[in-house]
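Let me see the structure of the following:
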Amino acid sequence: MTLSDVATQTGISTSTLSRLESGNRRPTIELVMLIAMVLEVPLADLVAAPSVQDPRVQLRHAHSEGRAIVPLTRKQSEPRAFKLIIPASERTPALRTHSGYEWLYVLSGKMRLRLGPHDVVLGPGEVAEFPTEQPHWFGSTGTGPVEVLSLFGTQGEMMHVRAHTRPLSTPRDPHNQVAETSQY
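So this is what the prediction gives:
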C-alpha cells in the first residue's frame, strides 16, 4: 500500500503521513486509529513500546591528531557525548572555529583551553562551555595526558549543569534538577 493509498483511505494528507513516517510530527490517537484501521493491524502494533536492547554502548574509539576519541552514545543525534584522551604535548596549534557549542568536563589531568583572548588551565572536576564560533583550542598542558568528557552539538545546543552534591545516603530531592538541556 502506498502513501497515497493510505491518504485516500484515511483522509489524512500525504504530507502529514510523510511527517508522521519520518518522525517530524507526533501522531494523535485519532490519526493512529485511522491508520491502524486502514492497514488492518492492531492498534497495539503501532503504539507498542520499542523492543529493549542491550543498553551497553560498544566503545569503538578513533584517533585524530594523536587524540583518542571515544563516542559515548550509539545515536547520531545531538548533542553528542565523547570521552577524549589527549596525550601530553607542548605544542599549541592555531585557534579554529566551527559551528556549534561545546561543553568540556575534565576527568583527569590538566587541560589548557585557549578561547579568544583567554588562556586557562582546568583541572579534574572543572567545566568549560563555549560557542565554537569563538576561536578556540584545547589540549594537554604538556605535563601529562588529560581525559575530558565532551558534549558537542552543531546546532548550538547548550548544556546547563547545576551540581548539588550530597552524600550517597541522603534521600534524593525530587526538586533538585541536576542537568537540563535547552536549545537556542
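
Roughly how far does the most centrally placed residue in the chain sit from residue 21?
By CA atoms, centre = their mean, the chain has its centre lying nearest to residue 79, at 2.5 Å. Computed as CB to CB, to the nearest Å, the residue 79 to residue 21 distance reads 26 Å. (Each C-beta comes from the backbone N, C-alpha and C, glycine too.)

Which stretches in the chain count as strands?
62-64, 67-71, 80-86, 101-108, 111-115, 118-122, 127-131, 136-140, 146-153, 157-161, 179-183 (DSSP state E).

Between these, which one is closest to residue 27.
strand 179-183 (23.0 Å; CB to CB).

So for that closest one, mean pLDDT?
Strand 179-183 carries an average pLDDT of 39.

List the contacts of the longest helix anywhere in the chain.
The single longest helix within the chain, with elements called by DSSP state H, is helix 29-39. Residues from elsewhere that reach helix 29-39, judged by CB atoms under 8 Å, 6 or more residues apart in numbering: 1, 6, 9-12, 16-17, 20, 27, 42-43, 45-47.

can you rerun that using 10 Å?
1, 5-12, 16-17, 20, 25, 27-28, 41-47 (CB atoms under 10 Å, 6 or more residues apart in numbering).
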